[in-house]
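Participant: here are the coordinates; sequence isn't available:
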Ligand code: N01
């Protein structure tokens with residue numbers, strides 16, 4: 001359903017993933033006239049598009065779920081600890097129905113333009129379906145990982161078999177039975193999909209440029225007792241999440257009474273540097289390889305990180321018992337924690353199957369795509385299906401593709417030519433009443449994203465309510481405040497393994513040829529960030545320019 005094109009709306013919301021849905025709900029609660037626009041045929045955003053085999057949450061779902069509605073928390077029964085894409089998509093559909101959000105959404109429609117008319121103080125939003133919507137507030141809830149990355153291989157279109165991208169997987173699924181499948185990319189999407197596809201395919205070849213550090217997800221069916229207790233504990237879970245810098249509380253469920261006859265299990269050390277080589281190995285034995293994610297010193301201390309990285313590669317060698325595969329899969333050239341953590345289910349196990357092989361593109365780069373496969377510098381590989389698991393033009397890709405024009409016709413993509421410039425990841429100078437949820441310069445992807453989404457949606461909603469109550473026509477950042485914030489974001493990332501000289505990642509933009517390099521998320525943490533956002537508001541929207 002769509003609103004009349006002549007009607008002046010209060011707000012347009014672009015995208016109906018987790019952020020867009022909650023934004024619609026909040027704006028509805030304020031009684032605003034709104035229109036949401038969604039490119040897909042259904043709600044869910046990332047959880048609508050990324051329906052590749054094996055796609056699931058990389059955080060326990062109890063924590064990666066909406067906190068805004070106590071009713072919703074009580075009504076929804078999760079069936080797995082790390083829920084899969086179908087269940088999360090169902091949950092988001094349930095949310096849309098429960099809060100009657102669909103009436104505000106126009107599906108199968110892509111926004112093409114958003115242009116600000118200074119005289120009228122209105123945004124004109126156009127779509128590829130010929131709609132024109134006029135509104136006071138324009139809110140981009142387009143997410144951080146939305147624009148699929150297709151590597152520009154030579155003769156990329158030459159392949160005559162089936163071609164898929166994990167982020168644009170067909171709704172009806174793909175039958176890979178008996179097929180020879182090539183997967184390019186071994187990030188989270190490749191790591192999650194390879195083991196599942198390898199079970200079906202006759203043969204699977206993983207073309208890998210950078211090996212990952214990946215840790216077992218430990219997914220399991222949801223224990224009904226655990227879920228029941230979580231429902232009792234939700235208030236406390238959410239409070240603990242708010243007090244954690246990642247928006248995570250590591251909820252453990254019902255606490256078992258301690259048996260006085262059983263010695264408590266030791267806790268892993270806080271620092272890997274405090275351990276002898278023997279103790280490090282013992283901790284891996286005691287706590288599993290995931291213990292390497294727990295040592296605080298590995299995040300900022302290069303020596304500690306190097307030790308952890310070596311231990312990881314040794315573990316892999318032992319697990320695989322195959323020198324060629326272990327060597328190819330070992331992430332030796334960049335630090336642990338440089339990229340977003342990857343969580344897997346039987347990833348390395350897949351490489352012990354006879355039908356799965358790995359091509360190390362660092363040693364033998366892709367030369368071209370051919371009608372029947374891929375030619376590397378070493379040989380020609382033939383297959384029937386080509387799967388790109390090559391990630392996204394993250395954080396800026398979607399927004400930069402649109403024709404977004406603010407004051408004096410200035411174009412957002414030009415303002416961001418050398419990297420995104422935002423104040424608090426919420427707004428860009430020169431673009432009044434134009435908001436972005438989880439934009440560059442906010443913790444977003446370096447946190448429990450849904451936790452960050454809720455905080456942003458609430459901030460934007462409260463801000464709009466404030467503007468309306470106080471007859472304030474526009475809000476936008478002051479240029480000096482924006483420049484200072486960008487500097488502050490850069491400072492926060494200094495010394496982290498995420499910005500180490502040998503680190504390449506989509507956080508830095510280095511996965512996309514020609515993209516400006518710079519660490520885009522804000523690394524100070526969600527608690528710190530929320531307090532900074534609250535302080536800005538308490539000081540009368542400090543750093544923003546408000547005009548009546
Ligand atoms: O993308 P990625 P993703 N030639 O960019 C390779 C979220 N997510 O879709 O590392 C050859 O991480 C690239 O190699 P390199 C999560 O936040 C979450 O996997 O650039 N290879 C890499 O191996 C995640 O961080 C879940 O050297 C090329 C891979 O493709 C984010 O999405 C699940 C190449 C891309 O990895 C992105 O993950 C899935 C080229 N030209 C995704 N270009 C959950 O678990 C790229 N690659 C919730």
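Facilitator: Noted; the coordinates are in hand. This structure is a prediction, so every number in the text was calculated from the model and none was measured.
Participant: host element of the nearest residue to residue 486 once chain neighbours are set aside?
Facilitator: Distances taken as C-beta to C-beta, 6 or more residues apart in numbering place residue 421 nearest to residue 486, at 5.8 Å, with adjacent residues excluded. Quick note: C-beta positions are derived from backbone N, CA and C, even for glycine. Following DSSP states H and E, one finds residue 421 outside all helices and strands.
Participant: low-scoring stretches of the stretch 101-250 of the chain, by residue?
Facilitator: Counting by pLDDT under 70, the stretch 101-250 of the chain shows no low-confidence range.
Participant: the residue in it positioned nearest to the ligand: neighbour count?
Facilitator: For the stretch 101-250 of the chain and the ligand, the shortest gap (C-beta to the nearest ligand atom) falls at residue 187, measuring 2.1 Å. Residue 187 has 23 neighbouring residues, counting by other C-beta atoms under 10 Å.
Participant: need the three-state assignment for residue 123.
Facilitator: State at residue 123, reduced to three classes by DSSP: H, G, I helix; E, B strand; the rest coil: strand.
Participant: what about the residue lying closest to it once chain neighbours are set aside, which SS state?
Facilitator: Leaving aside its chain neighbours, residue 123 sits nearest to residue 138 (4.3 Å; criterion: C-beta to C-beta, 6+ apart). Counting by three-state DSSP, the backbone at residue 138 sits in strand.
Participant: so who does residue 138 touch?
Facilitator: By C-beta atoms under 8 Å, 6 or more residues apart in numbering, residue 138 lies in contact with 11, 12, 14, 114, 123, 125, 433, 434, 435.
Participant: which of these sits closest to residue 240?
Facilitator: residue 435 (28.2 Å; C-beta to C-beta).
Participant: just checking, the closest one is part of a strand?
Facilitator: Yes - counting by three-state DSSP, residue 435 falls inside a strand.
Participant: surely it meets residue 462?
Facilitator: No - using C-beta atoms under 8 Å, residue 435 is not in contact with residue 462, being 11.7 Å away.
Participant: picking up where we left off before, the residue nearest to residue 123 pairs with what?
Facilitator: residue 12, residue 434 (DSSP bridges).
Participant: not counting its neighbours along the chain, what's nearest the residue of the stretch 101-250 of the chain closest to the ligand?
Facilitator: Residue nearest to residue 187 in three dimensions, not counting chain neighbours: residue 391, with 5.5 Å by C-beta to C-beta, 6+ apart.
Participant: ditto for residue 437
Facilitator: residue 19 is the one closest to residue 437 (C-beta to C-beta, 6+ apart), at 4.1 Å.
Participant: how long is stretch 379-390 end to end?
Facilitator: 21 Å (C-alpha to C-alpha, to the nearest Å).
Participant: now check it, is it near the ligand?
Facilitator: Yes - judged by C-beta under 6 Å from any ligand atom, stretch 379-390 comes into contact with the ligand through 389, 390.
Participant: which residue would be the closest one in the stretch 301-450 of the chain to the ligand?
Facilitator: Closest point on the stretch 301-450 of the chain to the ligand, by C-beta to the nearest ligand atom, is residue 391, at 2.5 Å.
Participant: quick check: the gap between that residue and residue 453.
Facilitator: To residue 453, residue 391 is 20 Å away according to C-beta to C-beta, to the nearest Å.
Participant: list the contacts for the residue of the stretch 301-450 of the chain closest to the ligand?
Facilitator: Neighbour list for residue 391: 145, 148, 149, 167, 185, 187, 189, 506, 511 [criterion: C-beta under 8 Å, 6+ apart].
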